[in-house]
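[1] All I have is the shape, not the residue letters:
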């Protein structure tokens, strides 16, 4: 399984968009959820996560607001904009096409070459 | 340049600075929240407060570095917007 540092930027975007498609969350929780749901395989470093969140917000796919968090302290919660939801669907479709294609190539057999 | 124009430019610069400072401290606040949550989790896992703190900060890498990257993204975004405006203006 690839390490988080090997993930191309687009894949991290997809993971963030997916996580936020379920409910608004702050950065710390986004990283936690990705880690938990990947069975600890994907540990997104803060150095990758926050620049990605800021970029996605810049691009208009996320909006952010400060709210009281579960600890009582304020945190910056991100949520998907409508454009973000559209983008998520687009990137999800792209990912499924890509991973399908990779799967096909990986199933290549010597017989199939003749 | 007339005095009014000069004043306008000065006001604009001051507003940009204040806005930038607000963004800077907001980013700082955001990253600090993350580190605090990590420290709390480390303590919950049995680390001493001392070790919890240094482990969280170590894992965080350079806070300054993350801030710089976030700043870069915003700068790039601003430049792209500016380019768009200029293109529009020239039409």
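    Right, received. Where do you want to start? Since the structure is predicted, the reported quantities are computational estimates derived from the model, not experimental observations.
[2] For my notes, confirm residue B:19 occurs in a helix.
    Yes. Counting by DSSP: H, G, I helix; E, B strand; the rest coil, residue B:19 falls inside a helix.
[3] okay, now it: neighbour count?
    By the measure other Cβ atoms under 10 Å in any protein chain shown, the count of residues near residue B:19 is 10. From N, CA and C alone the C-beta is placed, and that goes for glycine too.
[4] Residue A:102 too?
    Neighbourhood size, residue A:102 [other Cβ under 10 Å]: 10.
[5] Checking it next. Helix, strand or coil?
    helix.
[6] mind checking how far it is from residue A:96?
    11 Å (Cβ to Cβ, to the nearest Å).
[7] Output the below-cut-off pLDDT ranges for chain B.
    Within chain B, the stretches with pLDDT under 70 are B:61-66, B:68, B:72-91.
[8] Please repeat the previous calculation with a cut-off of 80.
    Counting by pLDDT under 80, the ranges of chain B that qualify are B:1, B:10, B:13-24, B:59-91.
[9] do chain A as well
    Applying pLDDT under 80 to chain A picks out residues A:1-9, A:113-114.
[10] Helices along that one, start to end?
    Using DSSP state H, the helices found in chain A span residues A:9-22, A:27-37, A:46-58, A:82-106, A:110-113.
[11] can you redo those helices as a markdown table with distance to chain B?
    What follows is the helices of chain A, written out as a markdown table (distance: least, Cβ to the nearest Cβ, whole Å):
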| stretch | distance to chain B |
| --- | --- |
| helix A:9-22 | 11 |
| helix A:27-37 | 4 |
| helix A:46-58 | 4 |
| helix A:82-106 | 15 |
| helix A:110-113 | 44 |
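[12] Just name the most buried of those helices.
    Per-stretch averages of neighbours, counted by mean count of other Cβ atoms under 10 Å in any protein chain shown, single out helix A:46-58 among those, with a mean of 21.
[13] Would you tell me which of the helices of chain A gets closest to residue B:57?
    The closest of these to residue B:57 is helix A:46-58. By Cβ to Cβ, the value is 10.7 Å.
[14] I'm done for today, thanks for sticking with me.
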